[in-house]
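A.B. asks: Sequence first, then the predicted structure:
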Amino acid sequence: MRRLTLLLAVLTAAVGVTWFAQPEAADLTVYCAHDAVYAAPFLREFTRATGITVSVRYDTEATKSLGLTELISRERDRPRCDVFWNNEPLGTARLASEGLLAPYRGTGWARIPAAFKDPEGRWVGFAGRLRVWIVNRDRLAASQAAVDATWRQPGALGAAFAKPLFGTTRFHLTALHEQLGADRMRAFHADLLRRGVQVVSGNSAVKDLVAQGRCAVGWTDTDDYFAAIDRGAPVAMLPVTLPDGATLCVPNTAAIVRSCRNRPAAERLVDYLASAEGELALARSRSRQVPLGPVDNEALPAEVRALVPAARRGYRFRTLAASSAACLQFLKAEYVR
């Protein structure tokens with residue numbers, strides 16, 4: 001327990017320290033787990049369009065959004081954050097369950113399907129990424145049969161996934177935990193390690209291993225896959241599916257922190273994030289995120305348009321907060337020593 005407490009304190013301290021504009025001078029303070037390279041231009045456009053100034057605190061690759069979630073929780077008595085832009089829903093759902101988020105069902109919330117938002121309006125999802133197999137085409141055929149065979153017996157080809165305490169790999173295993181149940185999930189995870197599937201620091205590390213040919217296949221997200229493609233790596237992708245056939249579409253989430261100091265401006269930002277215009281802007285960015293609400297599909301890049309059907313088959317959690325807590329307890333027992 002002391003080690004876990006220390007880990008969470010380190011994560012909070014390690015949260016990215018770059019602020020865009022001075023917090024005391026801005027209309028809004030945003031904590032953002034989405035990569036700064038993609039989020040910063042988006043937020044600058046929001047300021048240009050609305051006149052609302054924003055200071056931003058970004059997360060780090062190492063903490064995978066958990067650092068900002070912990071920070072908001074620790075600041076509960078003296079909140080500094082007005083809007084939390086998370087890059088996954090598990091941490092956001094936890095903050096909602098702790099009573100730290102303010103309900104808001106605005107125009108952005110209204111256009112997003114029920115699978116990707118909190119029914120009470122405490123958060124809204126937008127612009128998803130898909131969990132995918134990334135395959136090195138020089139080492140392995142980009143077919144489900146070849147991927148499945150290599151995942152079962154990596155051998156010299158090699159296979160990898162990110163440490164699942166954080167981010168979208170935790171989302172992935174949480175969905176499996178809910179579908180399989182605790183005992184089958186433990187057996188599944190133990191079997192991955194027994195087969196020799198590597199556990200590495202993050203999704204970008206998985207992407208690098210596969211892009212460089214050091215592993216033939218791994219689990220990652222579409223934004224990391226596209227980063228490899230943009231650098232000319234010989235990679236392909238296949239959507240990950242769960243036992244029931246659902247895909248894993250991981251939305252960004254937007255939430256207003258309780259006791260927000262500028263509620264009207266916060267509502268405008270949340271609506272902007274979850275608007276058709278906002279989703280199109282993120283689809284056209286280098287991360288190629290998939291709109292979750294209705295947009296003009298012809299306005300989407302072809303690579304993103306091809307992902308829309310898979311995103312619509314995204315897994316619907318039965319009990320997001322409860323499943324997240326149960327899976328995290330299991331993962332802490334496995335990875336926090």
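C.D. replies: Noted; the coordinates are in hand.

A.B. asks: pretty sure Val54 is in contact with Ala25, am I right?
C.D. replies: No: Val54 is beyond contact range of Ala25, at 10.6 Å (criterion: Cβ atoms under 8 Å). The C-beta positions use only the backbone N, C-alpha and C, and glycine is treated the same way.

A.B. asks: For those two, indicate the residue with more neighbours.
C.D. replies: Using other Cβ atoms under 10 Å as the criterion, Val54 and Ala25 rank with Val54 on top: 23 against 8.

A.B. asks: how near is that one to Arg139?
C.D. replies: 44 Å (Cβ to Cβ, to the nearest Å).

A.B. asks: Could you do Ala276 as well?
C.D. replies: Distance from Ala276 to Arg139, by Cβ to Cβ: 40 Å.

A.B. asks: what's the answer for Thr29, then?
C.D. replies: 46 Å.

A.B. asks: and if you look at Leu90?
C.D. replies: 33 Å.

A.B. asks: neighbour count winner among the two?
C.D. replies: Leu90 (26 against 18).

A.B. asks: Map the structural domains onto the sequence of this protein.
C.D. replies: What automatic domain parsing lists as the domains of the chain is 2-127+249-309, 129-239.

A.B. asks: for this structure, what are the low-confidence residue spans?
C.D. replies: The chain contains residues with pLDDT under 70 at 1-24, 60-65.

A.B. asks: residue boundaries of the strands in it?
C.D. replies: Counting by DSSP state E, the segments of the chain that form strands are 28-32, 54-58, 83-86, 101-102, 124-136, 159-162, 198-200, 217-221, 235-239, 249-257.

A.B. asks: Turn these into CSV, columns for distance to Ala175.
C.D. replies: As requested, the strands of the chain are arranged in CSV below (distance: least, Cβ to Cβ, whole Å):
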stretch, distance to Ala175
strand 28-32, 24
strand 54-58, 26
strand 83-86, 17
strand 101-102, 22
strand 124-136, 9
strand 159-162, 14
strand 198-200, 18
strand 217-221, 12
strand 235-239, 13
strand 249-257, 10
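
A.B. asks: Pick the most buried one from those strands.
C.D. replies: When you average the neighbours per residue for each of the strands of the chain (mean count of other Cβ atoms under 10 Å), strand 217-221 leads with a mean of 30.

A.B. asks: Against which helices or strands is that strand packed?
C.D. replies: Applying 3 or more Cβ pairs under 8 Å, 6 or more residues apart in numbering; DSSP states H and E, we find strand 217-221 packed against strand 124-136, helix 144-152, strand 159-162, helix 167-180, helix 203-211.
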